[in-house]
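Enquirer: Fold the following, please.
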Amino acid sequence: MEHPDRRRYPGRARRLRAADHQRGEHRRPDHQSVPGSAQADRRRALGLERGAVPLQARDGRRGGHRPGVVRARGLGLRAPGERGRGRHRRLPGHLRLADRPEHAPRGSERGAARHGALEPRAHRRDPVVAVRASPGVGRGALPADRASGPGGRGARAGPLGRARARRPRVKITGVEAIPLAVPLRESTPPSPWAAATAKQILVRLTTDEGLTGWGECFAYGATLAVASVVEEALAPIVLGQDPTQVAELVDRMHRALMIWGRRGLAMMAVSGVELALWDLCGKTRGVPVYQLLGGRCASRPRVYASLLRYETPAHLRQAVSAALVLGYTAIKLHQIDVESVAAAREVAGDGIELMLDTNCPWTVEEAIRIGRALERFDLRWLEEPVWPPEDYPGLARVRAALRIPLASGENEATVVGIRAIIDAGAADIVQPSVTKVGGILEMKKIATLAAATGVTFVPHSYYYGPGLAATLHVVASTPGVPYLEFPPGELAASILAEPIRARGGAVTVPDRPGLGADPDPEVIARYPYRREAARPFYLT
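Expert: Residues are numbered from 1 along each chain as shown. Reported below is the predicted structural model:
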């Protein structure tokens, strides 16, 4: 009789066999099993016993497959209800599903496991799923190129595979800052702010697919400095990268320039590059940027004419009259004297909204005193009346003392800076600038913050190029924005190949892929920035 431990402990077979011969007991060959045992039945089914007939010979099935075990489409597995094709190869192992508990070792497996001799057996397949292992991958594991998802073969992240590293479909191959100096129209009323030309910087990103993305930096009075930041500090960060990964690239740029501060030249440069990334992102997908921001809430946002500061009330009257002729129903002034505001109200009449941006000229006490004198003109808001602009406790005092709503935020950067204004109770209206604040992503964060805190969001946007178009896409994709700032067109030539024009106090949002604001190459060639012609756009 066969020793009961022989099957349970295969490692002891030689010693047990010697003991059998000493006792004179008959011994079957090792390749045979106890007749009638489950092991014998399995061996006979696979043709491993002498005289046994394999399953494929007994019932005509190829490869010994059991009924009801088929390959699951796309996974290289088998599922109930379908026969397999081709000759079945013996499996060196099997992989159990994650939600299927492993069985405890049975019979001889327990002893073999203790001796490290347990080998997976091909014929003990899971009745639901059997996975063919691949050489070099390891038993019970799937090679990466066999893992797949519901769509069929191919690498997918999940329990059966590991996602491959994705090569960028489009790569940035060039970064260029293009300073411009475009002259003002001769008919513009004289202004102490306006020099002979308006300075701005275009940012051009080129790709290996032939696409070009355009952005714009705020750079009045520091044109070459901002251009240097773009080309020396930011270009190495985005070159070779996928332009559609906007959030990741913007985070890298923010972190790289952290030691320069979170406002000013650094953030102006980041803003210009970020706008160009969004332009490329829309172009690679063939959709306008507002679609990438959640869709369009308004196709023709309302705009207000943002005038310059003029030398006399007579010049201001001329500018207000011109804005009314163009169909504007809201006008922002930049005067700092009561007489000029009175003249503007007289020309505009009571049906036109007037706003006043003073650009930080007064102390808190002066702002309260002059603000009270301005209350009779029914201003929609009083913007940045206090120096310095970041004196948010002082602005909060002015706001509490006046009946005119206060606006602020043009000179801030990032959502954190705007939150400081709101937390201080310093503004009824926040006015971030897309070319100063960090770009479109920061603008959308600020719009959400404003909506959550009951503050009105009205972007600053005194631009003529991609910066204006970017602001339009932000406003078009943001509910509840009453209007946005719009320059009434003092430049001698439009920077854009397809100019954005106001009609009846509103503008149409570009629906071309990207920002829809590619510059006119002739204007770029005609009006390059020259250091010898440089003068600050704003005079102090």
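Enquirer: Verify the contact between residue 185 and residue 490 for me.
Expert: Yes. Under the criterion of C-beta atoms under 8 Å, residue 185 lies in contact with residue 490, with a separation of 5.5 Å. For every residue, glycine as well, the C-beta is placed using N, CA and C.
Enquirer: Now do stretch 388-397: distance from first to last residue.
Expert: Distance between the two ends of stretch 388-397: 14 Å, counting by C-alpha to C-alpha, to the nearest Å.
Enquirer: and the nearest residue to residue 239 once chain neighbours are set aside, how many residues sit next to it?
Expert: Once its chain neighbours are removed from consideration, residue 239 has its nearest residue in residue 172; the separation is 5.7 Å (C-beta to C-beta, 6 or more residues apart in numbering). By other C-beta atoms under 10 Å, the residues close to residue 172 number 25.
Enquirer: if we can go back for a sec, who has more neighbours, residue 185 and residue 490?
Expert: A count of neighbours by other C-beta under 10 Å puts residue 490 above the other of residue 185 and residue 490, at 19 against 10.
Enquirer: Run through the helices of the stretch 351-500 of the chain in chain order.
Expert: Counting by DSSP state H, counting those that start in this stretch, the stretch 351-500 of the chain has helices at residues 364-374, 392-401, 414-423, 440-453, 466-476.
Enquirer: if you compare those, which one is most tucked away?
Expert: With neighbours taken as mean count of other C-beta atoms under 10 Å, the helices of the stretch 351-500 of the chain reach their highest mean count in helix 466-476, at a mean of 28.
Enquirer: Using PDB, list the CA coordinates for that helix.
Expert: What follows is helix 466-476, C-alpha atoms only, in PDB (Å, rounded to 0.1, in the frame of the first residue of the first chain):
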ATOM      1  CA  PRO A 466      -4.100  88.600 -27.800                       C
ATOM      2  CA  GLY A 467      -4.600  89.900 -24.200                       C
ATOM      3  CA  LEU A 468      -7.900  91.500 -25.200                       C
ATOM      4  CA  ALA A 469      -9.000  88.200 -26.900                       C
ATOM      5  CA  ALA A 470      -8.000  86.200 -23.900                       C
ATOM      6  CA  THR A 471     -10.100  88.400 -21.600                       C
ATOM      7  CA  LEU A 472     -13.100  88.000 -24.000                       C
ATOM      8  CA  HIS A 473     -12.800  84.200 -23.700                       C
ATOM      9  CA  VAL A 474     -12.700  84.400 -19.900                       C
ATOM     10  CA  VAL A 475     -15.800  86.700 -19.800                       C
ATOM     11  CA  ALA A 476     -17.700  84.600 -22.400                       C
END
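Enquirer: for it, packing partners?
Expert: Where contact means 3 or more C-beta pairs under 8 Å, 6 or more residues apart in numbering; DSSP states H and E, helix 466-476 is packed against strand 212-217, helix 265-285, helix 289-292, helix 440-453, strand 484-486.
Enquirer: any low-confidence regions in this structure?
Expert: Screening the chain residue by residue with the criterion pLDDT under 70, one finds the ranges 1-168, 187, 193-196, 532-540.
Enquirer: quick one: contacts for the nearest residue to residue 450 once chain neighbours are set aside?
Expert: On the basis of C-beta to C-beta, 6+ apart, the spatially nearest residue to residue 450 that is not a chain neighbour turns out to be residue 457, at 4.1 Å. Residue 457 makes contact with 429, 430, 446, 447, 450, 451, 478, 480, 481 under the criterion C-beta atoms under 8 Å, 6 or more residues apart in numbering.
Enquirer: Quick one: residues contacting the third one.
Expert: Contact criterion C-beta under 8 Å, 6+ apart gives 409, 415, 418, 430, 432, 437, 457 as the residues in contact with residue 446.
Enquirer: Nearest to residue 215 among the residues you listed?
Expert: For residue 215, the closest of the contacts of residue 446 turns out to be residue 437, at 13.5 Å, with distances computed as C-beta to C-beta.
Enquirer: Check the burial of the closest residue to the closest one other than its chain neighbours by counting its neighbours.
Expert: Closest residue to residue 437 apart from its sequence neighbours, by C-beta to C-beta, 6+ apart: residue 413 at 5.1 Å. When neighbours are counted by other C-beta under 10 Å, residue 413 registers 23.
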